[in-house]
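*Asks:* This is a predicted model, with the sequence first.
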Amino acid sequence: MSLAALQAESVRPDIAELVADVFQFDRALLGTTSPKDIERWDSLKHIELIKAIEDTFEISMTMDEMMEIRCVGDIERVLERYGV
């Protein structure tokens, strides 16, 4: 995982903390990371991430929204639709 890729874009602190917790790495390194940047981001971790997002922000995503999340920045875009 490239440090430059991880620091490429600012991420909301609450999203950064959630993603860092799910994938177990330092949130200070987080940027617009995707499955190709995070070794542990496989299909099972994606489901765990979706559950963490829904539980943390008290939302229920559609299947399309779940599949739309392909990088950390996508999480913020989905949450904006819910006014979160």
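*Replies:* The structure has been received and is ready for your questions.
*Asks:* Could you give the number of residues near Ile53?
*Replies:* When neighbours are counted by other CB atoms under 10 Å, Ile53 registers 22. Every residue, glycine included, has its C-beta placed from N, CA and C.
*Asks:* element containing it?
*Replies:* For Ile53, the host element (DSSP states H and E) is helix 43-57.
*Asks:* Could you check that helix and say which residues are buried?
*Replies:* Neighbour-count burial for helix 43-57, counted by 16 or more other CB atoms under 10 Å, picks out Lys45, His46, Glu48, Leu49, Ile50, Ile53, Phe57.
*Asks:* For the last one, which non-adjacent residue is spatially closest?
*Replies:* In space, not counting the residues next to it along the chain, Phe57 is nearest to Val84; the distance is 4.8 Å by CB to CB, 6 or more residues apart in numbering.
*Asks:* Can you report how many residues neighbour that neighbour?
*Replies:* By other CB under 10 Å, 15 other residues sit near Val84.
*Asks:* Which of the buried residues of helix 43-57 sits closest to Met63?
*Replies:* Distance to Met63, by CB to CB, is smallest for Ile50 among these, at 10.0 Å.
*Asks:* wait, what's in contact with the closest one?
*Replies:* Shown in contact with Ile50 (CB atoms under 8 Å, 6 or more residues apart in numbering): Met61, Met66, Ile69.
*Asks:* Now with 6 Å, please.
*Replies:* With contact taken as CB atoms under 6 Å, 6 or more residues apart in numbering, Ile50 is in contact with Met66.
*Asks:* From Ser43, how far off is it?
*Replies:* The gap separating Ile50 from Ser43 is 11 Å, by CB to CB, to the nearest Å.
*Asks:* cool, and Glu58?
*Replies:* Distance of Glu58 to Ser43, given as CB to CB: 24 Å.
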